[in-house]
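Asks: my questions concern the predicted model and sequence given below.
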Amino acid sequence: MYLSTLNLKDYRNYRQLECEFSPGINMITGANAQGKTNLIESIYYLSIGKAYRLAKDEQLVLWGAKSFQIKAAVENRRGRTNIEIRYHQEEKPAKTISVGGLRLTKMEELSGALTSVLFSPDTMSIIKGSPQERRNFLDYDISQVSLNYGRDIYKYKRLLAQRNALLKKLASLSLRLEEKKERLLIWDQQLIECGSRIIKKRLAVVEKLTPLARLAQRKLTEGKENIELSYILCYKNNKNESKERDIGSFLTEAREECMEEDLRWGSTQWGPHRDDLMIALDGINLKQYGSQGQQRTAVLALKLAELEFFRGESGEYPLLLLDDVMSELDENRQLQLLNFINEKSIQCLITATEARNLNLREKRQNKRFYVDRGKIEEIKT
Ligand SMILES: Nc1ncnc2c1ncn2[C@@H]1O[C@H](COP(=O)(O)OP(=O)(O)O)[C@@H](O)[C@H]1O
Ligand SMILES: [Mg+2]
């Protein structure tokens, strides 16, 4: 699948942008702080329905304006689809999304309209960052290919917020523990059901990603390094447990064991929002012991695995967004990546401060752009 045109209005530092991309490689250059990352962010927004850098919608509005718009035309096997996202500070609802001219009633329904894989300097946080970063990595991918998963994540968040609010309320009431537990039960049954579905899906996806990442890592290191991914269930760091036990009863037990602590803290200490993903190299946790180079290669392997994962799920390669990462990869890795993109005919947007000579065999399908203070211009050669 590929993005053929993009229109932005009052998005970040773009007052008005209209851009036609090539289905091949699109090289976007410009000095710092001109809008390269903002452009990438707006495209990834179309994939996950929000900004990935934890920015709120209101921060995305061009300073002084009240609304923004992202419009895109996407080509896939079935033809062309238009996606339109509108946000207006003073309207209710503030955000509306339509796909193919139909307004979505739920944001999650955006799932799959434009699938993309993002690789930026921030991506290193999959390895180095908090468990939240690794959960996001899984969630952003899974919700792009599974509408039900997106719904469950949304539902789970709501249930969790309600449970936590109730926990806080219960703390101030003089009830016996059994009574408090009784009051939590209606939320907890739903939370366990929904949480189990989320965990099962994550486990299944990790199982699919593992051989793909392994293959990529072996290719990148000439067979020297083996990457392993394992999903870690919260509160008991026992990774084998997850596969053998029924997740529902696991969570029920976790609920029981954490009950007093939950009531004391007013927050829920168990469930998929506490889980983690361990990324190891030949049995050694990369986060703690990996060298910088190993960590970088592993992230690249994960990104290549994601591309294949998307293809396996939807039958089409997603769009690949490489924001400012080429300079972080050594020449050999750059070449491996570009060859991969070319072989598989993946649409790719690459940003960099300096134009790079990409040494590509196929030049016809490439386009170059120059970004300067929120204006973008195609460089015709
Ligand atoms: N809501 C906004 N309105 C206007 N300008 C913004 C907004 N948010 C960020 N910017 C500006 O965007 C620029 C950063 O753009 P960015 O895409 O990160 O640059 P780079 O080309 O280095 O990737 C900064 O100058 C910042 O001030
Ligand atoms: Mg940038």
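Replies: Here it is on my side, so go on. Ligands and ions are numbered 1, 2, ... in the order given.

Asks: what ranges do the helices span in this protein?
Replies: Ranges of helices in the chain, per DSSP state H, are 36-48, 57-60, 125-128, 131-145, 147-171, 177-220, 241-244, 247-265, 286-289, 292-314, 331-343.

Asks: determine the set of other helices and strands touching the longest one.
Replies: Contacts of helix 177-220 with other secondary structure elements, assessed using 3 or more Cβ pairs under 8 Å, 6 or more residues apart in numbering; DSSP states H and E, are made with helix 131-145, helix 147-171, strand 227-232, helix 241-244, helix 247-265, helix 292-314, helix 331-343. Any C-beta I mention is one placed from the backbone N, CA and C, and that applies to glycine too.

Asks: ok, the most centrally placed residue in the chain to residue 127 distance?
Replies: When the chain is reduced to its mean C-alpha position, the nearest residue by Cα atoms, centre = their mean turns out to be residue 140, at 3.0 Å. Applying Cβ to Cβ, to the nearest Å, the value for residue 140 to residue 127 is 16 Å.

Asks: so what's the gap between stretch 111-127 and the chain middle?
Replies: 5 Å (Cα atoms, centre = their mean, to the nearest Å).

Asks: got it, and stretch 336-344?
Replies: The answer for stretch 336-344 is 22 Å, by Cα atoms, centre = their mean.

Asks: tell me the mean pLDDT over it?
Replies: Per-residue pLDDT values over stretch 336-344 give a mean of 90.

Asks: before we move on, the earlier item: got a markdown table for the helices and strands packed on helix 177-220, with distance to residue 94 too?
Replies: Listed next are the helices and strands packed on helix 177-220 as a markdown table, based on distance: least, Cβ to Cβ, whole Å:
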| stretch | distance to residue 94 |
| --- | --- |
| helix 131-145 | 21 |
| helix 147-171 | 17 |
| strand 227-232 | 35 |
| helix 241-244 | 39 |
| helix 247-265 | 32 |
| helix 292-314 | 30 |
| helix 331-343 | 37 |
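
Asks: lowest average pLDDT across those?
Replies: Among these, helix 241-244 scores lowest, at a mean of 53.

Asks: sorry, back to before: let me know which of the helices of the chain is the nearest to ligand 1.
Replies: helix 36-48 (3.3 Å; Cβ to the nearest ligand atom).

Asks: pLDDT averaged over that closest one, what's the number?
Replies: Helix 36-48 comes out at a mean pLDDT of 98.

Asks: nearest spatial neighbour of the residue nearest to the centre of the chain, skipping sequence neighbours?
Replies: residue 48 (5.2 Å; Cβ to Cβ, 6 or more residues apart in numbering).

Asks: next, count neighbours for that neighbour.
Replies: 22 (other Cβ atoms under 10 Å).

Asks: same thing with the one 3 residues further on?
Replies: Residues lying near residue 51 (other Cβ under 10 Å) number 17.

Asks: ok, residue 115 next?
Replies: 25.

Asks: distance check, whichever residue of the stretch 101-250 of the chain sits closest to ligand 1 against residue 151.
Replies: Nearest residue of the stretch 101-250 of the chain to ligand 1: residue 120, at 9.4 Å (Cβ to the nearest ligand atom). From residue 120 across to residue 151, the span is 27 Å (Cβ to Cβ).

Asks: could you do residue 140 as well?
Replies: Following Cβ to Cβ, the distance that separates residue 140 from residue 151 is 15 Å.

Asks: so what's residue 302 up against?
Replies: By Cβ atoms under 8 Å, 6 or more residues apart in numbering, residue 302 lies in contact with 126, 137, 209, 213, 216, 227, 279.

Asks: what sits against the residue nearest to the centre of the chain?
Replies: Contacts of residue 140 (Cβ under 8 Å, 6+ apart): 47, 48, 52.

Asks: could you redo the last one with a cut-off of 10 Å?
Replies: Going by Cβ atoms under 10 Å, 6 or more residues apart in numbering, residue 140 touches 44, 47, 48, 49, 50, 52, 116, 117, 118, 306.
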